[in-house]
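Q: Take a look and give me a structure for this.
(chains A and B)
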Amino acid sequence: MSDELQTPQDDRLAAATRALRDRATMPQAPDSVIERAMLIPRLGEVNLWRLPSALAAGIALAIGLAWMIFGQRGATVAFADVVQKLKQTHTYILTITTSGMPSMRVVTKNKIVRMEMQDSVTISNEETGKTLNLYPSAHEAVLSQLPMDKIKLQAARFGGMFRDLVIGKEKRIGEKVIDGRLVVGFELPMSNAFPALSGSTSVYWIDPDTKLPIEMELHQNGPPVLDVHETCQFDVPVDDALFDMTPPAGYHLRDLTADSSTKPSLPLTTQQTNDLTITPLVGIGPLHFGDNREKIVAAFGEPDKDSVPETHLRAMPFKMPEIHQMEYHSRGLILTYNADSGLACVMCVGRDATMAAYSAFTGKTDKGIGIGSSRAQIEAAYGPASKADVVADQVRLDYGGLGLMLIINSDRLNIISAFSTPLPF
Amino acid sequence: MQQWPQIVRQHTALVWGTVYRLLNHDADAADCFQEVFVSAWQLSRRQTVSNWPGLLHRLATARALDQLRRRFRERSREQESDFSSEIPSMGEAPSAQAEAAELAAMLARALAELPEQQGVVFSLRHLSGLSYEEIAGELAITVNAVGVALHKATARLRQALSPMVTDRKD
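A: The predicted model follows:
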């Protein structure tokens, strides 16, 4: 018996099916019946139909049509019930598979989100803003304080898929069977938490019994083509240890919350504050690419943090020798230098660009582009990018010849990286 | 196209076995056998048939279920649906055989009460052993639609057979 018949009650159905399939009393077709069938082309169909049978066939057709109309209504579930049920859930586990990318698991319990990726784990508390990143291969843990607006955005992206569904925009798209369950599909416009996916749709496959989704799909409208498929489990027991913000034994902890809170950045002088212009391939303000650490300190003071970043934290698009990262949290500025070649990269960030609690960079480029500028403004200033990558609501514009790399989130420039040399793309 | 007599001869066992299994009645099976080949003949005049066994399998199942529906409706009018008359007499047959015959009759009746497509899909899958893909090809529907129809049919048949379980326990 096939996999459709498995429950104890189906033992009866399985036995009945076997009995019907194996009915033993099955005599051969009488010769007269076979001969009559062979004569069909010569006699014509009408001779073989007796009126009562034809009448009965008509009646059967009418009744069959009635069954088709009234008997196949299928599983019923109201979308409003789904929305209501989702709002009552406390935990959910998503397994997200995106074409061409490793799969990811998201576990949430109330206001805490745990994201398990191929080489790292992130635990974020939506209420406190604290985030712990674990890097198992390096045995490193990074504790940081996210700005609350970034935390809320992140929560909206994962939680909003379930919490912010709007009744009235759904379209029922049919049924299918998933893991032996008959589910009902609803198609909806993509959540507002993903502006770059405007026009795309998401499909929720609902189990009529639980009134909860068991699968989700993202149907993207136009490039880039992302085949996103998510399986969902709700209110399953979730171990509290999964949300523990204490790094596992043997992990080295980098506490960025302590860095930014215990050692506030020195204020800039008036002259320096007014001179934060980024000039591609030249430098920032009074600093030129190639300047050494002493010149950097003379211009901006001692950094909040000066470290050799771990490999997985480097943002460089090309391999460099021993590099140092000077972080100025209150200025939204990260300067990368090397003992031999001096200042190599200036990275300027918005408030929700990084894990640590940075203030937004207030300077501009030589063409007036700053944190918060739109893509249209950037392209009006610098023309089309030499390369543009779009992933979800993030756009990366590279101006290779100018050594500029710009990251835009939700159509607001969030990171400006200016390099000492043209980029190889 | 093959010669018609050859087609009939080649597929007689398939068609007869399929209709008889469901109808369990000589005269009804003979009528149904004719209806199947008439339908097949009509269809072959309108389009090329590339898979005669598949077509005849589908037609035989659908026509037999039609015939069962007619039978149950007529009998329900005549005798308020005493379905025990569907159960062949087993004489001194062991109880297991009697139970199997009873179950087969119950299932045949339940199949006849299903919407047409569900009944055909269930029969093709579980009585004739066709794969989802083969059923989808025969019925010109998607594999997903086969799965949905099968799921619904199974749920309805499960429900249809469950009162019997209760009765027997009592």
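Q: Return the residues in contact with residue A:406.
A: Counting by Cβ atoms under 8 Å, 6 or more residues apart in numbering or on different chains, residue A:406 touches A:369, A:378, A:385, A:396-399, A:413, A:415-417. No exception for glycine: its C-beta is placed from N, CA and C like everyone else's.
Q: cool, residue B:156 as well?
A: With the criterion set at Cβ under 8 Å, 6+ apart, residue B:156 makes contact with B:110, B:113-114, B:118.
Q: Make sure I have this right: it is in a strand.
A: No: assignment of residue B:156 by DSSP: H, G, I helix; E, B strand; the rest coil gives helix, placing it outside any strand.
Q: Can you check the pLDDT for it?
A: We have a pLDDT of 91 for residue B:156.
Q: Quick check: the gap between it and residue B:24.
A: As defined by Cβ to Cβ, to the nearest Å, residue B:156 lies at a distance of 21 Å from residue B:24.
Q: same deal with residue B:99?
A: 16 Å.
Q: what are the bridge partners for whatever residue of the stretch 101-250 of chain A ends up closest to chain B, then?
A: For the stretch 101-250 of chain A, the residue closest to chain B is residue A:177, as judged by Cβ to the nearest Cβ, at 4.2 Å. With DSSP bridges applied, residue A:177 shows beta-bridge pairing to residue A:182.
Q: Quick check: it vs residue A:205, distance?
A: Distance, residue A:177 to residue A:205, by Cβ to Cβ: 10 Å.
Q: More neighbours: which of the two?
A: Higher neighbour count among residue A:177 and residue A:205: residue A:205, with 21 against 17, using other Cβ atoms under 10 Å in any protein chain shown.
Q: helix/strand/coil for that one?
A: Under three-state DSSP, residue A:205 comes out as strand.
Q: Distance of it relative to residue A:368?
A: Residue A:205 is 48 Å from residue A:368, by Cβ to Cβ.
Q: Which parts of the stretch 251-400 of chain A are helices?
A: Counting by DSSP state H, counting those that start in this stretch, one finds helices in the stretch 251-400 of chain A at the ranges A:256-262, A:270-273, A:293-300, A:375-382.
Q: Next, residue A:372: phi, psi?
A: Note on residue A:372: its backbone torsions stand at phi 100, psi -10 [degrees, to the nearest 10].
Q: which helices and strands sit right next to the helix or strand hosting residue B:18?
A: Using DSSP states H and E, residue B:18 sits within helix B:4-23. Judged by 3 or more Cβ pairs under 8 Å, 6 or more residues apart in numbering or on different chains; DSSP states H and E, the packing partners of helix B:4-23 are helix A:10-21, helix A:31-38, helix B:26-46, helix B:52-79, helix B:95-112.
Q: can you give me the angle that helix makes with helix A:10-21?
A: For helix B:4-23 against helix A:10-21, the angle by axes from the mean of the first three to the mean of the last three Cα atoms, to 10 degrees is 140 degrees.
Q: chain center to helix B:4-23, what's the gap?
A: Relative to its parent chain, helix B:4-23 has a centroid offset of 13 Å by Cα atoms, centre = their mean, to the nearest Å.
Q: Any chance you could give me that helix in CSV, C-alpha atoms only?
A: C-alpha atoms of helix B:4-23 as CSV (Å, rounded to 0.1, in the frame of the first residue of the first chain):
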residue,chain,number,x,y,z
TRP,B,4,-9.6,-2.0,-34.3
PRO,B,5,-10.2,-5.8,-33.6
GLN,B,6,-6.5,-6.1,-32.7
ILE,B,7,-6.9,-3.2,-30.2
VAL,B,8,-9.9,-4.8,-28.6
ARG,B,9,-8.3,-8.2,-28.4
GLN,B,10,-5.1,-6.8,-26.9
HIS,B,11,-6.9,-4.9,-24.2
THR,B,12,-9.8,-7.1,-23.4
ALA,B,13,-8.2,-8.5,-20.2
LEU,B,14,-7.3,-5.0,-19.0
VAL,B,15,-10.7,-3.5,-19.6
TRP,B,16,-12.7,-6.5,-18.4
GLY,B,17,-10.6,-6.9,-15.3
THR,B,18,-10.9,-3.3,-14.4
VAL,B,19,-14.7,-3.0,-14.8
TYR,B,20,-15.4,-6.4,-13.3
ARG,B,21,-13.3,-5.7,-10.3
LEU,B,22,-15.4,-2.7,-9.5
LEU,B,23,-18.8,-4.0,-10.6
